[in-house]
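Asks: Output the structure for:
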Amino acid sequence: MNAAAWRILAGLVLGVAVGALLGDGTAGRSAGIVAVPVGRLWLDALTMTVVPLVFSLLVTSVVDAATQAAGNRMVARTLAWCALLLVTAVLLALPVVTGLLRLWPLPAAASALAAQASDTATALPPADDWLANLVPTNPVEAASKAAMVPLIVFALLFGLALARVEAGPRDAVRATLRGVADAMLVLVRWVLLAAPVGVFALALGVGQRLGGAAAGVLGHYVAIVVLTCLASIVLATAVAIVAGRIAPARFVRAVLPSQVVALSTQSSLASLPAMVTAAPRLDVDRIAAGVVLPLAVSLFRLTSAAANVAVAMYLAQVHGVTPELPALLAGALVAAAVSVAAVGLPAQVSFFAIVAPVCLAMGVPVGLLPLLLAIETIPDLFRTLGNVTADLAVLRIVGRDVAP
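Replies: All right, here's what the predicted structure looks like:
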């Protein structure tokens, strides 16, 4: 847990504690007069980066993936398996989270959290109009309304089309979009410098409404997300065993050292050397590992995508929002798409950028996301653990055909 994460967590704890101490009395109301606009201003500053950041990152990621796959069978198979597993994981997350919340409902105090989010849910089209609104008639209008589903469909199609353009114009557009993404990332980092203050301001209201019960709600949230991550790890392991034709005990032994590194570093990239070392234990040639693993690490975040669905569904429960099946499916597919776009970003930068689009696709307010950002360290351990396990599952499936 780095220094920035500690500062954000300290802002959350201090805000809840001060809010609980002040209560709803005169001092509490006076503090709220200052804290509410400060928290809202910080949240708006963070939200304004979402659309340009996600669009530019997604287009450049699609272009890179498409150009790498052209003429390379192993790369194409790797991308196909990554896409298949990613979509399966986010769709699996829907019944998993629904079942978990039925077996272990929200704490009673959770309903008070909804009052803390001053933003409103995105207006969704009726279920029978969902398909008609899938493709934007005006991408600029979709971006201005933060209509993430049609915007992401346009970004995917635009990226695929750009990959077919000759190298000169393609590289020029890609460089421009890369510049937009880099500028947005700098802006996000600037905004996150004020995160302890912004989170403190938002947490103050939570403390006033919930007091010590806030810890129980946040702990329940962490448990639901972690359990969703574990479900995706089971999925990746099962697919590796079946499609990769490897004994369960052997796969578990082969991936365990990489999983230990993943837990200690919270970084798939830092775990890459350990994953390459695991290749012989999976009966995969190191040359194949040198192709599959860097590609998987750079584009594939299976567990993160499933966890983002869990976050959005949890917030939907908190706000009393009941997304219909089309909205749930849209949110799951958006989670899959934006997880590709945000690979390689620091957790504190990527959390809001990749979860907010999922929430918006489901019609769920995003005002509570900064509070969840403050406790993201624990779920992030399991996100990284699952991502590394899924990378090695893909390595076994794709690489076993070229085993020595």
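Asks: Which residue, neighbours along the chain excluded, lies closest to residue 262?
Replies: residue 388 (4.1 Å; C-beta to C-beta, 6 or more residues apart in numbering). Any C-beta I mention is one placed from the backbone N, CA and C, and that applies to glycine too.
Asks: which residues does the one you found contact?
Replies: Contacts here follow C-beta atoms under 8 Å, 6 or more residues apart in numbering; on that basis residue 388 touches 255, 258-259, 261-262, 268, 271, 275.
Asks: List only buried entries from those residues.
Replies: Buried members of the contacts of residue 388, counted by 16 or more other C-beta atoms under 10 Å: 255, 258-259, 261-262, 268, 271, 275.
Asks: Residue 47: which of those residues is nearest?
Replies: Ranked by distance to residue 47 (C-beta to C-beta), those are led by residue 268 at 26.8 Å.
Asks: which residue ranges form the strands in the stretch 101-250 of the chain?
Replies: Under the criterion DSSP state E, counting those that start in this stretch, the stretch 101-250 of the chain contains no strands.
Asks: show me where pLDDT drops low in it?
Replies: The stretch 101-250 of the chain contains residues with pLDDT under 70 at 112, 114-134, 211-212.
Asks: which one of the contacts of residue 388 is nearest residue 13?
Replies: Among the contacts of residue 388, residue 262 lies closest to residue 13 (C-beta to C-beta), at 27.1 Å.
Asks: what's the host helix or strand of the closest one packed up against?
Replies: According to DSSP states H and E, residue 262 maps onto helix 248-265. Applying 3 or more C-beta pairs under 8 Å, 6 or more residues apart in numbering; DSSP states H and E, one finds that helix 248-265 makes contact with helix 213-243, helix 272-278, helix 377-399.
Asks: With just CA atoms, put that helix into CSV.
Replies: The C-alpha trace of helix 248-265 is given here as CSV (Å, rounded to 0.1, in the frame of the first residue of the first chain):
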residue,chain,number,x,y,z
PRO,A,248,-5.9,-29.6,-11.5
ALA,A,249,-3.2,-30.2,-8.9
ARG,A,250,-0.5,-29.6,-11.5
PHE,A,251,-2.0,-26.3,-12.7
VAL,A,252,-2.3,-25.1,-9.1
ARG,A,253,1.3,-26.0,-8.3
ALA,A,254,2.5,-24.3,-11.5
VAL,A,255,0.7,-21.0,-10.9
LEU,A,256,1.3,-20.7,-7.1
PRO,A,257,4.7,-18.9,-7.2
SER,A,258,3.3,-16.3,-9.6
GLN,A,259,0.3,-15.9,-7.4
VAL,A,260,2.5,-15.2,-4.4
VAL,A,261,4.3,-12.5,-6.4
ALA,A,262,1.0,-11.1,-7.5
LEU,A,263,-0.2,-10.7,-3.9
SER,A,264,3.1,-9.2,-2.8
THR,A,265,3.4,-6.7,-5.6
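Asks: Report the buried residues of it.
Replies: Buried residues in helix 248-265, counting neighbours by 16+ other C-beta under 10 Å, are found at 251, 254-255, 258-259, 261-262.
Asks: Mind telling me the two of these farthest from one another?
Replies: 251 and 261 (16.8 Å).
Asks: for the residue lying closest to residue 68 once chain neighbours are set aside, what are its contacts?
Replies: Sequence neighbours aside, residue 75 is the residue nearest to residue 68 in space, at 5.2 Å (criterion: C-beta to C-beta, 6+ apart). Listed by C-beta under 8 Å, 6+ apart, the contact partners of residue 75 are 68-69, 291, 295.
Asks: Just the ones of the residues you listed in helices?
Replies: Mapping these onto helices (DSSP state H) picks out 68-69, 291, 295.
Asks: Put together TSV for those residues, with neighbour count on each row.
Replies: Below are the ones in helices among the contacts of residue 75 laid out as TSV (neighbours: other C-beta atoms under 10 Å):
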residue	neighbour count
68	18
69	18
291	19
295	23
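Asks: just those: which has the poorest pLDDT?
Replies: Ranked by pLDDT, those bottom out at residue 69, which scores 72.
Asks: hmm, back to that, which two in the ones in helices among the contacts of residue 75 are spaced the farthest apart?
Replies: 69 and 291 (11.5 Å).
Asks: just for the stretch 301-404 of the chain, where's the confidence low?
Replies: Applying pLDDT under 70 to the stretch 301-404 of the chain flags residues 342-349, 401-404.
Asks: one more time with 90
Replies: Filtered on pLDDT under 90, the stretch 301-404 of the chain yields the residue ranges 301, 319-327, 330, 337-354, 356, 360-361, 363-378, 380-381, 399-404.
Asks: Just the pLDDT for the residue nearest to residue 68.
Replies: 85.
Asks: That one sits in which helix or strand?
Replies: In this assignment (DSSP H and E), residue 75 forms part of helix 73-103.
Asks: in that helix, what counts as buried?
Replies: Buried residues in helix 73-103, counting neighbours by 16+ other C-beta under 10 Å, are found at 74-79, 81-82, 85-94, 96-97, 100-101.
Asks: Same question for stretch 210-217.
Replies: For stretch 210-217, using 16+ other C-beta under 10 Å, the buried residues are 210-211, 213-214, 217.
Asks: For the helices and strands packed on helix 248-265, give me CSV that also has distance to residue 199.
Replies: Shown next, in CSV, are the helices and strands packed on helix 248-265 (distance: least, C-beta to C-beta, whole Å):
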stretch, distance to residue 199
helix 213-243, 12
helix 272-278, 32
helix 377-399, 14
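Asks: Just tell me which of these ends up closest to residue 171.
Replies: Once the helices and strands packed on helix 248-265 are compared by C-beta to C-beta, helix 272-278 is nearest, at 26.6 Å.
Asks: what's the helix or strand for residue 33?
Replies: Using DSSP H and E, residue 33 maps to helix 26-47.
Asks: do the same with residue 7
Replies: Taking DSSP H and E as the criterion, residue 7 maps to helix 3-22.
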